[in-house]
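Enquirer: Could you look at this predicted model? Sequence included:
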Amino acid sequence: MHALKVTRAEDFPEWYQAVVREADLAEQSPTRGCMIIKAWGMGLWERFVAEMDARIRATGHENYYFPLLIPLSFFAKEAEHVEGFAKEMAVVTHHRLKQIDNELKPDPDAELTEPLIIRPTSETIIGDAFSRWIKSYRDLPLKLNQWANVMRWEMRTRMFLRTAEFLWQEGHTAHVDEADAMEETMLALEIYRSVVEDVMAIPVILGEKSENERFPGAERTYSLEAMMQDGKALQAGTSHYLGTHFAEAQNIRYQDKDGAMQLAHTTSWGTSTRLIGGMIMVHGDDDGLRTPPAMAPKQIVIVPMLRGKPEDTELKEYCAALAAELNKKTALGGAVRASVDVKDAKPTDKRWDWVRRGAPIICEIGPRDAANGQVTFIQRTALREGEKVKSTSVARADFVVQAPALLEGIQQQLFDEARARLEANIRADLNTWDAIEAYYGAGDDESDVKGWARVAWSRPSGDDLERVTERLKALKLTIRNAPLQQPASFDQCVFSGKPGVEEILIARAY
RNA sequence: CGGGGUGUAGCUCAGCCUGGUAGAGCAUUAGCUUUGGGAGCUAAGGGUCGCGAGUUCGAAUCCCGCCGCCCCGACCA
């Protein structure tokens, strides 16, 4: 018997929805395509923010805040950028409501002279500020970051993975030249790798996006690609070298040491609440989420087995003291996060609530444990032994000493499991188009996992690239990225038979 | 935005074909029993059946329109 009614094997999308709901992560809101992020889900996001923000600051960036609303005219400046976002922008046109025919409607007399766009990303308004702030080479590099909500009017939304409104972090920087800006682009990618792999325990492959998958207005786009348990890829973060495109469009110029005017080279990079969805699909099991300890808002949850009897008081004290002792310990680079679940609910219900949320360690302390000075716990990543829930009892002092190593072990275990899955599901032997078609085209049974393929190609451009993506689309495949780590020599291009110049990852994707 | 599905109690769903003003299980509340582990018995509360218009003496049920959600597609840093 599992804690969720749907298993991954039965129906992966249904299972995903069940985890979001049952683990108390988020729920659908009355506003179309938007979600209410609940305490455990928000706690995960806050852990992400803490870890990401620390790394962004440590590398010389500072946080700013720009407006939610952007003048429409700002978007008209960078042609590709507008084209990329025009179809999904929410527009504010009025500043007042009025009762008309018994209905509240925008007041026709209160139309804005210039409509405002709810930001889908902030390149334009930040670029505008850059153009005023940057005058001299001494003003560069300018490295800033913003934590914000953005809105993109998506046709098809999915909790965390693609919502109309989402929370994210967007870094924006300006540099004297390409070399400096490229260094920054790769630095951002490394910051992302560190948080996604070391904190979220999600193994990723870093690489460059193909021409057709680039951010609108970017010169080069790099991504982190993660593999979900159904074999699909999820873009876990992107970093863009914008060249001088935005500098030209928005007049971001500086005077160099010789007094000559130069265009700044800019970058932008972002990660979002989408990663929470990725974490669910990488680490979840049929009992709910398995939260990596470094991400868990509560790493150790203590459930006292209260019986409504006099000894309850002593039991509560024992548990509170245990939590306090654990909180003095250090694990995964920070203080251990342990707390007692004092909610007035049945202990077994509380246990399963925490199992579904994926608390790494759940302690269940009864009067006998308190009397014997011991701790009985279950480990989320080793929940069952056969059909039964596996619990372990150890002396309290030993548990406190071992807890940090236990948490670190769970963190490592989750990462190793995910990495083994990633490596096992990348085919490197599909070196002809026929082989690709045979593999991905055959028996479209949704239940068998079809992972990624790593293939050589001749890096076509323009119409040739268009034809390649059409062929891939027929198999529901997309080009994910060209991994940074490339072999010394290449097979023939699987699409054209020409000499290969690069290897790319192709996969079905979210 | 196209195709398919779906919307009935907090949750999972039955009822709809063959109209007669609402059901089950779980959850909730109360009482009793139980107590090293997703307890048992008894009782109670809870729904303008997604929204709107229509046919009808009468609509959860039939007709029309709209909306949300889920899946596939298109689209998508």
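Expert: Sure thing, it's come through.
Enquirer: Where does the prediction get shaky in chain A?
Expert: In the prediction, chain A carries residues with pLDDT under 70 at positions A:442-448.
Enquirer: and the gap between the residue nearest the centre of it and RNA strand B?
Expert: Using Cα atoms, centre = their mean, the residue of chain A that lies closest to the mean C-alpha position is A:Leu275, 1.6 Å off. Distance from A:Leu275 to RNA strand B, counting by Cβ to the nearest atom of the strand, to the nearest Å: 11 Å. Using the backbone N, CA and C atoms, a C-beta is placed for each residue, glycine as well.
Enquirer: now swap in A:Pro487 and tell me
Expert: As judged by Cβ to the nearest atom of the strand, A:Pro487 and RNA strand B stand 26 Å apart.
Enquirer: That residue should be in a helix, yeah?
Expert: No: assigned with DSSP: H, G, I helix; E, B strand; the rest coil, A:Pro487 falls outside any helix and is coil.
Enquirer: I figured it hits A:Gly500, correct?
Expert: No: A:Pro487 is not in contact with A:Gly500 according to Cβ atoms under 8 Å; the separation is 9.6 Å.
Enquirer: more neighbours, these two?
Expert: Higher neighbour count among A:Pro487 and A:Gly500: A:Gly500, with 22 against 13, using other Cβ atoms under 10 Å.
Enquirer: For the more buried one, give me the backbone phi and psi.
Expert: For A:Gly500, the backbone dihedrals are phi -80, psi 150 (criterion: degrees, to the nearest 10).
Enquirer: Any figure for the gap between whatever residue of chain A ends up closest to RNA strand B and A:Asn425?
Expert: When Cβ to the nearest atom of the strand is the measure, chain A has its nearest residue to RNA strand B at A:Arg368, with 2.0 Å between them. Noted for A:Arg368: a distance of 46 Å to A:Asn425, by Cβ to Cβ, to the nearest Å.
Enquirer: More neighbours: those two, which one.
Expert: The neighbour count for A:Arg368 versus A:Asn425, taken as other Cβ under 10 Å, is higher for A:Asn425 (16 against 11).
Enquirer: For that one, give me its contacts.
Expert: A:Asn425 sits next to A:227, A:231, A:449, A:451-452 when contact means Cβ atoms under 8 Å, 6 or more residues apart in numbering.
Enquirer: OK, contacts around the residue at the greatest distance from the centre of chain A?
Expert: If you look at how far each residue of chain A sits from its centre, by Cα atoms, centre = their mean, the farthest one is A:Pro310, at 47.1 Å. Taking Cβ under 8 Å, 6+ apart as the criterion, A:Pro310 is in contact with no other residue.
Enquirer: Can I take it that it is in a helix?
Expert: No: assigned with three-state DSSP, A:Pro310 falls outside any helix and is coil.
Enquirer: Could you find the closest non-adjacent residue to A:Asn481?
Expert: Using Cβ to Cβ, 6 or more residues apart in numbering and skipping the chain neighbours, the partner closest in space to A:Asn481 is A:Gly207 (3.1 Å).
Enquirer: ok but that neighbour is inside a helix, no?
Expert: No: when classified by three-state DSSP, A:Gly207 is found to be strand rather than part of a helix.
Enquirer: can you give me the strands in the stretch 301-450 of chain A?
Expert: Secondary structure of the stretch 301-450 of chain A (DSSP state E, counting those that start in this stretch): strands at A:330-331, A:334-335, A:338-340, A:361-365, A:374-379, A:384-385, A:388-389, A:392-395, A:426-427.
Enquirer: got those as TSV, with distance to A:Asp287 and mean neighbour count columns?
Expert: Converted to TSV, the strands of the stretch 301-450 of chain A look like this (distance: least, Cβ to Cβ, whole Å; neighbours: other Cβ atoms under 10 Å):
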stretch	distance to A:Asp287	mean neighbour count
strand A:330-331	23	16
strand A:334-335	26	12
strand A:338-340	21	21
strand A:361-365	12	25
strand A:374-379	11	20
strand A:384-385	8	10
strand A:388-389	10	12
strand A:392-395	18	12
strand A:426-427	28	17
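Enquirer: Rebuild those strands as CSV, extending it with distance to RNA strand B.
Expert: CSV is the format used below for these (distance: least, Cβ to the nearest atom of the strand, whole Å):
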stretch, distance to RNA strand B
strand A:330-331, 24
strand A:334-335, 26
strand A:338-340, 15
strand A:361-365, 5
strand A:374-379, 3
strand A:384-385, 9
strand A:388-389, 7
strand A:392-395, 6
strand A:426-427, 20
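Enquirer: what would those strands look like in TSV with distance to A:Gln28?
Expert: Conversion of the strands of the stretch 301-450 of chain A to TSV gives the following (distance: least, Cβ to Cβ, whole Å):
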stretch	distance to A:Gln28
strand A:330-331	35
strand A:334-335	33
strand A:338-340	29
strand A:361-365	28
strand A:374-379	31
strand A:384-385	31
strand A:388-389	31
strand A:392-395	38
strand A:426-427	35
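Enquirer: in the stretch 51-200 of chain A, which spans are helices?
Expert: Applying DSSP state H, counting those that start in this stretch to the stretch 51-200 of chain A gives helices spanning A:79-85, A:123-133, A:178-193.
Enquirer: Make JSON lines out of those helices and add mean neighbour count and distance to RNA strand B.
Expert: Putting the helices of the stretch 51-200 of chain A into JSON lines (neighbours: other Cβ atoms under 10 Å; distance: least, Cβ to the nearest atom of the strand, whole Å) gives the following:
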{"stretch": "helix A:79-85", "mean neighbour count": "16", "distance to RNA strand B": "4"}
{"stretch": "helix A:123-133", "mean neighbour count": "21", "distance to RNA strand B": "9"}
{"stretch": "helix A:178-193", "mean neighbour count": "20", "distance to RNA strand B": "12"}
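Enquirer: Dump these to JSON lines, plus distance to A:Gly217.
Expert: Below are these laid out as JSON lines (distance: least, Cβ to Cβ, whole Å):
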{"stretch": "helix A:79-85", "distance to A:Gly217": "4"}
{"stretch": "helix A:123-133", "distance to A:Gly217": "7"}
{"stretch": "helix A:178-193", "distance to A:Gly217": "14"}
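Enquirer: Can you name the residues of the stretch 1-150 of chain A that neighbour RNA strand B?
Expert: Taking Cβ under 7 Å from any atom of the strand as the contact definition, the stretch 1-150 of chain A meets RNA strand B at A:1-3, A:5, A:13-14, A:16-17, A:28, A:32-33, A:84-85, A:87-88, A:121, A:150.
Enquirer: Any chance of a PyMOL selection covering the buried ones in the residues you listed?
Expert: One line in PyMOL is enough to select the buried members of those, burial here meaning 16 or more other Cβ atoms under 10 Å:
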select buried, chain A and resi 3+16+33+84+85+121+150
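Enquirer: Filter the residues of the stretch 1-150 of chain A next to RNA strand B down to the ones in strands?
Expert: Where these overlap with strands, as defined by DSSP state E, the overlap consists of A:28, A:150.
Enquirer: neighbours of A:Tyr440, just the number please.
Expert: Here the number of neighbours of A:Tyr440 (other Cβ under 10 Å) works out to 20.
Enquirer: Now for the residue nearest to it when sequence neighbours are not counted: which residues touch it?
Expert: In space, not counting the residues next to it along the chain, A:Tyr440 is nearest to A:Leu475; the distance is 4.3 Å by Cβ to Cβ, 6+ apart. With contacts defined as Cβ under 8 Å, 6+ apart, the neighbours of A:Leu475 are A:436-437, A:440-441.
Enquirer: Map the structural domains onto the sequence of chain A.
Expert: Under the assignment automatic domain parsing, the domains of chain A span A:12-283, A:300-422, A:426-507.
Enquirer: Format these as JSON lines; extra columns: distance to A:Pro292.
Expert: Formatted as JSON lines, the entries for these read as follows, by distance: least, Cβ to Cβ, whole Å:
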{"stretch": "domain A:12-283", "distance to A:Pro292": "4"}
{"stretch": "domain A:300-422", "distance to A:Pro292": "5"}
{"stretch": "domain A:426-507", "distance to A:Pro292": "22"}
